[in-house]
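Asker: the following comprises the amino acid sequence and a computationally predicted model.
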Amino acid sequence: MEFKIDTELCVASLACVRVCPADAVAVEADTIRIVDESCTRCGICLPACPHDAILALGDLARATELALGGKAALILSVEAAAYFYPATPEQVVNACYAAGFRMVHRGVIGDELVAQEYLKLWGDEEWGTMIRSTCPVIVETVRKEYPELIPYLAPVQTPVAAEARYLKAMYGRSLPVAYAGVCLTEGGPDVDAAITFEELDTLLDKRRVRVSDQPNYFTRIPEERRRHWSTAGGLPLELLTQERQSSRRFRKVRGLGALKPIARAVVERIDLGFVDILPCEGCLDHPLLGPKDELFRRREIVHATEPPRAAAPVVEPEVARRVTVGAVFEVRRNGHAPAPEAVDEVLTAIGLAPNGRPWDCGACGYDTCRAFAEAAVQGRTTLRSCPPYLNRQTEEAQQQAAVDALTGLATYRVLRDRLGNEVARSKRSGEMFGMLFVDLDNFKQVNDRFGHEAGNEVLKSAAQELGVVVRSTDFAARYGGDEFVVLLVRTGVEGAVGVAEKVRARVEAMGRRLNYPDGLVTASVGVAAFDPAVPEQEDVLVVADRALYRAKAGGRNRVATGDN
């Protein structure tokens, strides 16, 4: 089985990212995909998606082909009773026969084989810690996230794999085997096709078989349905009784989050006994079967159809001896961890929160910034999914737009905003403010004779001279090219002229200090003032600009005032 995202329904809410325990969801801008090699098929993401955009897909085409062939065996999970309700189990089995399957098994034989194997292990008093291995989600999570627990997995196959091997041992290796259930990764190579109950319903519909039309009794002699050792899921009844006795050799644990403390315990050499761990409350609690609030309803339905218990073993001993129920879990070296340097680089790009700690806001779908950074290094997400990073980029872009890169002064865009605010403040307070429009004389000649780098140096030096003259409450900006504007708070025309003279003198001295010919590097300054007492007055910046042209026309390197 594989999980896929329906792009037509997905709106990138990141709900699947937040709940995925395997970090198997990749986010690229507004596109989300599931990383197949990392997905453990736990199905937790299905009910989490509010838009039903996640699809669980089995091999429906192959299963349909096997049904058409008329020679395949179908292992029908006992949870089918809850899915197809109010149809009876007899009707469902009859429908599967009508669709073309040669035989239909209810998974009891596989449970019996696995339970017998667990009983053998249970008889050994020396195993210390053993983790249930009949849930493929647990096995895959252990292999990918907690390889230190692999030696502690019980060496037992899943019930579906055991039953498939039993059927092939009884009827020949060429027997095709299909499986219909909720946990479609547990069959392994012995199962030729695995499908969900929804896909089985689709198969029956394609074969024009209606479950509700089938008789309420078995039309064929049913395959073995009695139990001797086992309970549903393959654990022996004798072992489960240990739970009720609070045995130290048996621990019932639910949820993938428990694997981390279990791993820590075994590393510290603490014997836990047999750990019956499942990601949920069994297959009846699987997301493919429906919402959690219907769990007890499903339990009652399945419990009412539970096979009776036999007084003697129900498996054929001769056949069972030819079936290998044991499993070997390869310990693989985890070489997929992201490079620490690359993770730190992403964390640096994200930055820290105002309190000096990582943001860990969860808006990206990951619990921590480090988890997000590791996923980003592995190509499962991008920085465009990180709101703090985007906010930081926006602030930096705004700062770059507000500050001239060459001179360090404010830009024209900021000047207009500040000028508007100052006019409003002046009208409220009744105080004047002054405006200087500064232009470097002969700047083109500097560029032509000494090069643009020399021109840039003159611009930066002129900006530094402005910074020396103006107060901290004043405002200086680069208007464009070789022109500068200075806003002088609470300053009239006379005060502004005094500041303008200082600016002119300092620029002239700067030119001599930089060893330029006398009179080459100078400044002309136009002065204007905004008087809130004067109604309907002209834009003070326009007046200062007009005064600048008057200074230029008067011979340059001088100060002129406006006419308002």
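Answerer: Alright, I've got the coordinates. Predicted, not measured: the structure shown is a model, and the values here were computed from it.
Asker: only C-alpha atoms for contact and neighbour calcs from this point on.
Answerer: Will do.
Asker: where in this protein is the helix or strand with the lowest mean pLDDT?
Answerer: helix 237-244 (a mean of 74; mean pLDDT, DSSP states H and E).
Asker: where do the helices of the stretch 151-300 of the chain begin and end?
Answerer: With DSSP state H, counting those that start in this stretch as the criterion, the stretch 151-300 of the chain has helices at 159-171, 197-206, 237-244, 259-267, 295-304.
Asker: give me the contact list for the first one.
Answerer: Outside helix 159-171, the residues within contact range by Cα atoms under 8 Å, 6 or more residues apart in numbering are 75, 107, 109-111, 113-114, 134, 174-175, 177, 179, 186-188, 190-191, 233-234, 319-320, 322-325.
Asker: ChimeraX command to pick out the buried ones of those?
Answerer: Buried subset of the contacts of helix 159-171, written as a ChimeraX selection, criterion 16 or more other Cα atoms under 10 Å:
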select :75,107,109,110,111,113,114,134,175,177,179,186,187,188,190,191,233,234,320,323,325
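Asker: among the contacts of helix 159-171, which lie within strands?
Answerer: For the contacts of helix 159-171, the ones inside strands are 75, 177, 179, with DSSP state E as the criterion.
Asker: dump those into a markdown table; add distance to residue 15 as well.
Answerer: Shown next, in a markdown table, are the ones in strands among the contacts of helix 159-171 (distance: Cα to Cα, whole Å):
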| residue | distance to residue 15 |
| --- | --- |
| 75 | 34 |
| 177 | 36 |
| 179 | 30 |
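Asker: residue 465: which of the residues you listed is nearest?
Answerer: Ranked by distance to residue 465 (Cα to Cα), the ones in strands among the contacts of helix 159-171 are led by residue 179 at 82.8 Å.
Asker: roughly how far does the closest one sit from residue 192?
Answerer: Counting by Cα to Cα, to the nearest Å, the separation of residue 179 from residue 192 is 8 Å.
Asker: what's the burial count for residue 48?
Answerer: Other residues near residue 48 number 19, with proximity taken as other Cα atoms under 10 Å.
Asker: that one and residue 402: what is the separation?
Answerer: With the distance defined as Cα to Cα, residue 48 ends up 43 Å from residue 402.
Asker: one more: residue 168?
Answerer: With distances defined as Cα to Cα, the gap from residue 168 to residue 402 amounts to 75 Å.
Asker: check residue 388 too.
Answerer: Shown here: residue 388 relative to residue 402, a distance of 21 Å by Cα to Cα.
Asker: those two: who's more crowded?
Answerer: Each of residue 388 and residue 402 has its neighbours counted (other Cα under 10 Å); residue 388 has more, 21 against 18.
Asker: excluding its backbone neighbours, what's nearest residue 546?
Answerer: The shortest distance from residue 546 to any residue other than its chain neighbours is 6.7 Å, reached at residue 562 (Cα to Cα, 6 or more residues apart in numbering).
Asker: low-confidence ranges in the stretch 251-400 of the chain?
Answerer: Low-confidence segments of the stretch 251-400 of the chain (pLDDT under 70): 331-337, 397-400.
Asker: residue ranges of the strands in it, please?
Answerer: 273-278 (DSSP state E, counting those that start in this stretch).
Asker: can you give me the helices for the stretch 401-550 of the chain?
Answerer: Listed in chain order, the helices of the stretch 401-550 of the chain (DSSP H, counting those that start in this stretch) span 412-429, 443-450, 452-469, 493-513, 540-553.
Asker: pick the most buried one from those helices.
Answerer: With neighbours defined as mean count of other Cα atoms under 10 Å, the helices of the stretch 401-550 of the chain peak in mean count at helix 540-553, which reaches a mean of 21.
Asker: got the CA positions of it in PDB?
Answerer: Written as PDB, here are the backbone C-alpha positions of helix 540-553 (Å, rounded to 0.1, in the frame of the first residue of the first chain):
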ATOM      1  CA  VAL A 540       8.600  72.500   1.200                       C
ATOM      2  CA  LEU A 541      10.700  70.000  -0.700                       C
ATOM      3  CA  VAL A 542       9.800  71.700  -4.000                       C
ATOM      4  CA  VAL A 543      10.700  75.100  -2.500                       C
ATOM      5  CA  ALA A 544      14.100  73.800  -1.300                       C
ATOM      6  CA  ASP A 545      14.800  72.300  -4.700                       C
ATOM      7  CA  ARG A 546      14.000  75.600  -6.300                       C
ATOM      8  CA  ALA A 547      16.400  77.300  -3.900                       C
ATOM      9  CA  LEU A 548      19.100  74.800  -4.800                       C
ATOM     10  CA  TYR A 549      18.800  75.800  -8.500                       C
ATOM     11  CA  ARG A 550      19.100  79.400  -7.400                       C
ATOM     12  CA  ALA A 551      22.400  78.500  -5.600                       C
ATOM     13  CA  LYS A 552      23.700  76.700  -8.700                       C
ATOM     14  CA  ALA A 553      22.800  79.600 -10.900                       C
END
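Asker: residues making contact with the helix or strand following that helix?
Answerer: Moving toward the C-terminus from helix 540-553, the next helix or strand (DSSP states H and E) is strand 559-561. Residues lying outside strand 559-561 but in contact with it, judged by Cα under 8 Å, 6+ apart, are 493, 497, 500-501, 504, 524-528, 544, 547-548, 550-551.
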